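# with the sequence up front, the predicted model follows.
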Amino acid sequence: MMKKLLEQLKARHAAAGEPAYPSSEEVWAFCSDLVNWLFPEHNGKVLDEAALEQYAVKLETQLTLLLANMSPQLKDTPEGIARNFMEQVPGIYADLTKDAEAILQGDPAATCLYEVIRAYPGFYAIAAYRVAHGLHLLQVPLLPRVITEYAHARTGIDIHPAAEIAPWFCIDHGTGVVIGETTVIGPHVKIYQGVTLGALSIDKQMARAKRHPTIEEHVVIYAGATILGGDTVIGHHSIIGGNVWLIKTVEPYSRIYYKADGSIKVI
């Protein structure tokens, strides 16, 4: 029995070594270093002007080295991908700055941007998502998911790197939030803990279809709400109450909540 197991493990280890992916710790270190460079509030480490510029070069080199052994799985050279990713970073920074401001404006308990960036799990998870999404857009395999799953483990917030999320995004509290792969979220959306933006079907044949909902701009989704399905659209300026279960589109400016008798009230 042991001999058979060792033979199976030999084949498994050999197969696992073929893609030559970097360790999860190295991947997360790159994401963390990038976020700390953009937002020194996150770790309290301040750099002078010369060090800031040198750090940008360091980050590009760091990403190139992460990708170096993955060339067969890449659509471009490691150097090209690293360069193209760094060109996305100003946009990532701009979006995250808006996200932090949205969290500050959306939570009466938040006292300042420093607190949001340093301590809020919602900002931490969104920052990881935006870095991962940038790599996803460059068709880098696996590494985007490693980044968002690390943030998931730290915060309880599960955001697929392929989701499309506009800026001014606020996650309040956040534990138990799930945002699926084909979700589309417009600007100025706020969601609370326990919200699921998921799929109606987990059939593997649906893998390339839009399976998750679209949330238009200026929508608030309260704790525990579940919204499912690729054809489901939450119209702009709507409010979805706590624990609501939705599998169909709602019009803009809707107010949806459970009544005491368990029925849904739509206004």
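Received, thanks. Numbers count the residues shown, from 1 in each chain.

# from residue 1, how far out is the residue nearest to residue 143 when sequence neighbours are not counted?
Of all residues not flanking residue 143 in the chain, residue 27 sits nearest, at 5.2 Å (CB to CB, 6 or more residues apart in numbering). C-beta here means a position set from N, CA and C on the backbone, and glycine is covered the same way. Going from residue 27 to residue 1 by CB to CB, to the nearest Å gives 36 Å.

# more neighbours: those two, which one.
residue 27 (22 against 5; other CB atoms under 10 Å).

# in contact with the more buried one, which residues?
Residues near residue 27 by CB atoms under 8 Å, 6 or more residues apart in numbering: 66, 143, 146-147, 150.

# what's the burial count for residue 167?
With other CB under 10 Å as criterion, residue 167 counts 18.

# so it touches residue 187, yeah?
Yes. With contact defined as CB atoms under 8 Å, residue 167 counts as touching residue 187 (5.9 Å).

# what sits up against stretch 123-137?
With CB under 8 Å, 6+ apart as the test, stretch 123-137 has contacts from 31, 34-35, 39, 85, 88-89, 92, 95-96, 99-100, 103, 116-117, 143-145, 147-148, 150-152, 154-155, 157, 159, 161-163, 165, 169, 171, 174, 177.

# please, a ChimeraX command that selects the buried ones among these?
Only the buried entries of these go into this ChimeraX selection, using 16 or more other CB atoms under 10 Å:
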select :31,34,35,39,85,88,89,92,95,96,99,100,103,116,117,143,144,145,147,148,150,151,152,155,157,159,161,162,163,165,169,171,174,177
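
# mind checking the SS state of the residue nearest to residue 143?
Following DSSP: H, G, I helix; E, B strand; the rest coil, the label given to residue 27 is helix.

# can you check residue 36 too?
Quick answer, by three-state DSSP: residue 36 is helix.

# what's near enough to touch it?
42-43, 45.
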